[in-house]
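Peer 1: Here's my sequence, what's the structure:
(chains A and B)
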Amino acid sequence: MNSKNKNILQQKKRENKLIVILGPTASGKSELAIKLARKFNGEIVCADSRQVYKRMLIGTASPAVEARFLGSPKPSFNSEPKTELQQLPSHYLFNFREPNKPLNVATYKKMAEKAIKDIQKRGKIPFLVGGTGLYIKAIVDNLQFPKLKPSPKLRKELEQKTAPQLFAMYKKLDPKGAKQIDKNNKRRLIRAIEVCKITGQPFWAQRKEATPLFDILQIGIDVPKPELEKRITKRVNKMFRQGLEKEVKALVKKYGWTPVLKNTIGYQEFQGLWKEPSALYSRHSVPLKNLISLHTIQFAKRQMTWFKKDKRIAWVDGLSQARKLVGFFNAIKYRS
RNA sequence: GCCGUGGUAGCCAAGUUGGUCAAGGCGAACGACUGAAAAUCGUUUCAUCUCAGUUCGAUUCUGAGCCACGGCA
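Peer 2: Modelled structure (predicted):
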């Protein structure tokens, strides 16, 4: 290979970088991402299945609460000095989707890839930041989803059946897959049946990865469990102070209890609590806070279970990050 | 002090007309995960208040004690 080609290759590789910052909730991902992005001329792409939604800022600890770079609605966040705001890196895929229009992995993947490429084209470094394991995996491993949209009709029909019935159905359609599938998990069974029925092919054969589109470094933030739990409790308290209850009420008023709201920690817990409008805060806030903290802690555990499997992740303890990152960034800094 | 009710896992809670008893839920630990993923699902873990009596056998029946709750004083 001559040196010219080599150069082009190298150039290409540089243009292809993607840095992923992941970890459980409340581990400090956003903060780290903003710092790094500032330092290395980067921009941030959301990898969080809840921060994509509009008006769900406080309960998802969206970075849009701290700063208004995405035009978050209320003037209460307005007090940040302008210079601070201007220094904030651009954020993509935050706070953009209506909570009554659920986003899913496949759609997310398309959007995120587009955003990443766009950032790269402009010579900046994309930082993919979030805690949704599947969303990150979709990008990192370039997951190829079966090419069909979910069919609400079929799903509704299947929803009526019991898990054993669904399993029997699936077994007929895809005997191989049936051996591996989680046979009590209706949600998975329904999807698997859906794919088989519509495509006429076994579901298992359609779970594919492709070569990654990017040159990726995954950085995980590892916080010891007791400390993480403390941070979570503290953050839940903060959410209430910031007006979580108001936020939830406004959402419910506008959209009703949509699936997204019912499936989000920090929101779902409010269901059925507003019989007398004004009484809530003092009466329920303690048990409510505890419940939300508990669910968040359990969620963090699930996130870690997912992330721990991926041996490519470089774990940092939140302080020694810089050192571990230097090597990776050298190539990029070199460039300009 | 008297009367009543009750004491089953870290918490809530079933049941045994006496038979290797010990459901379930929450929690906890661990895990899975390809178009709902902050979702969904799996595995494991832990118990009969104490002492005595009746009995082949007591978690169940009897008595005493301790504790909790409610009522009356």
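Peer 1: Now do stretch A:261-270: everything it contacts.
Peer 2: Applying CB atoms under 8 Å, 6 or more residues apart in numbering, the external contacts of stretch A:261-270 come out as A:50, A:56, A:58-60, A:99, A:236, A:239, A:244-245, A:248, A:251-252, A:255, A:271, A:288, A:291-292, A:295-296, A:299. Any C-beta I mention is one placed from the backbone N, CA and C, and that applies to glycine too.
Peer 1: Could you see whether RNA strand B lies near the lengthiest helix in chain A?
Peer 2: The single longest helix within chain A, with elements called by DSSP state H, is helix A:280-308. Yes: for helix A:280-308 and RNA strand B, the contact criterion (CB under 7 Å from any atom of the strand) is met by A:294-299, A:301-303, A:305-306, A:308.
Peer 1: what do you get for stretch A:236-256?
Peer 2: No: using CB under 7 Å from any atom of the strand, stretch A:236-256 never reaches RNA strand B; the gap is at least 9.6 Å.
Peer 1: end to end, how far does that stretch reach?
Peer 2: 23 Å (CA to CA, to the nearest Å).
Peer 1: buried set for that stretch?
Peer 2: For stretch A:236-256, the neighbour count (16 or more other CB atoms under 10 Å) marks A:236, A:239-240, A:242-245, A:247-248, A:251-252, A:255 as buried.
Peer 1: ok, A:Glu245 to A:Glu269 distance?
Peer 2: Distance of A:Glu245 to A:Glu269, given as CB to CB, to the nearest Å: 11 Å.
Peer 1: the domain parsing of chain A - what is it?
Peer 2: A:10-144+A:210-335, A:152-206 (automatic domain parsing).
Peer 1: Please see if the last one touches RNA strand B.
Peer 2: Yes: using CB under 7 Å from any atom of the strand, domain A:152-206 reaches RNA strand B at A:155, A:159, A:182, A:184-188, A:190-191, A:195, A:206.
Peer 1: and A:His226, how many neighbours?
Peer 2: For residue A:226 the amino acid is Pro, not His. With neighbours defined by other CB atoms under 10 Å, the count for A:Pro226 comes to 8.
Peer 1: would it count as being in a helix?
Peer 2: Yes: with DSSP: H, G, I helix; E, B strand; the rest coil as the criterion, A:Pro226 is located in a helix.
Peer 1: how far away is it from A:Phe214?
Peer 2: Counting by CB to CB - A:Pro226 and A:Phe214 are separated by 35 Å.
Peer 1: Helix or strand next in line after the lowest-mean-pLDDT helix or strand in chain A, which one?
Peer 2: When each helix and strand of chain A is scored by mean pLDDT, DSSP states H and E, helix A:82-87 comes last, with a mean of 49. Per DSSP states H and E, the first helix or strand lying C-terminal to helix A:82-87 is strand A:91-92.
Peer 1: Heading C-terminal from that next one, find the next helix or strand.
Peer 2: Next along from strand A:91-92, by DSSP H and E: helix A:105-121.
Peer 1: Describe which strands the helix or strand just after that following helix pairs with in its sheet and in which direction.
Peer 2: Using DSSP H and E, the helix or strand that follows helix A:105-121 in sequence is strand A:125-130. In the sheet, strand A:125-130 lines up against strand A:17-22 (parallel), strand A:42-46 (parallel) (DSSP bridges).
Peer 1: quick one: the first one near RNA strand B?
Peer 2: No: judged by CB under 7 Å from any atom of the strand, strand A:17-22 and RNA strand B are separated, with a smallest distance of 10.5 Å.
Peer 1: CA atoms only for that strand - export them in CSV, please.
Peer 2: Taking Å, rounded to 0.1, in the frame of the first residue of the first chain, the C-alpha atoms of strand A:17-22 are listed here in CSV:
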residue,chain,number,x,y,z
LYS,A,17,-15.0,8.0,15.0
LEU,A,18,-17.8,7.7,17.5
ILE,A,19,-17.5,7.9,21.2
VAL,A,20,-20.1,6.2,23.3
ILE,A,21,-20.7,7.3,26.9
LEU,A,22,-22.8,4.9,28.8
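Peer 1: All the strands of the stretch 201-336 of chain A, residue numbers only.
Peer 2: A:208-209, A:215-221, A:314-316 (DSSP state E, counting those that start in this stretch).
Peer 1: partners of the first one, with directions?
Peer 2: Pointing back at strand A:208-209 there. In the sheet, strand A:208-209 lines up with strand A:143-144 (antiparallel) (DSSP bridges).
Peer 1: Then the second one?
Peer 2: In the sheet, strand A:215-221 lines up against strand A:17-22 (parallel), strand A:314-316 (parallel) (DSSP bridges).
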